[in-house]
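1. Sequence plus predicted model, see below.
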Amino acid sequence: MKKYFIGILLSILMVLYGYVRIYKEKQALDGVQLEKYEKAEFWKSIVPWLIGLGLFSIFCIYVALKENNDNLMNVSMAILVDSVVEIIVARKIMVLYHGKDRCIIEGKQVLYKNIKSCQRRNKLPFSKGIVTLFTGETRKVYPQAVELINNHLNK
């Protein structure tokens, strides 16, 4: 047990960090009447990658047990826990609430008429999109939300 202390500690920290992320998202959305909006969920796009990461970490745990490698075991435990936590977090926060004339980005309501542009930063699969407002502010959205927001802008 003592030799796996770092892995257990990292795992606990991963769980706490996931909880904090969900809590912050919930706090940001507390004052908003979400029933007025449609909910677009994007978490399913990341799940296959996280499952693959989890399976790889299980394989690494097997190797670590066979080779008696404590460092590999600690890292693999933390990665396995993190992949499970990230699936749970993604289900809660990888959403876009949108309506006819506005959407919610980073916990704040944004009118479509106040959006100057919405585009992806690059072609990487999980790179976030950038929403630029006419005020000069920028906000980040999930890559799948870029197309959805642009559809509203083009109406």
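-> Everything's here; your move.

2. per the record, what domains does this protein have?
-> Per automatic domain parsing, the domain ranges recorded for the chain read 2-33+42-96, 99-153.

3. And the helices in the protein?
-> Taking DSSP state H as the criterion, the chain contains helices spanning 5-29, 47-67, 70-93, 143-153.

4. looking at these, which is closest to residue 122?
-> Counting by Cβ to Cβ, residue 122 lies closest to helix 143-153 out of the helices of the chain; the figure is 9.9 Å. Bear in mind the C-beta positions are built from the backbone N, C-alpha and C, glycine included.

5. Pull out the buried positions in the closest one.
-> Along helix 143-153, the positions that meet the burial threshold by neighbour count (16 or more other Cβ atoms under 10 Å) are 143, 144, 145, 146, 148, 149, 152.

6. any idea what sits nearest the fourth one, other than its immediate chain neighbours?
-> Using Cβ to Cβ, 6 or more residues apart in numbering and skipping residues adjacent in sequence, the residue nearest residue 146 is residue 129, 3.7 Å away.

7. With the fifth one instead?
-> For residue 148, ignoring the flanking residues on the chain, the nearest one in space by Cβ to Cβ, 6+ apart is residue 40 at 5.8 Å.
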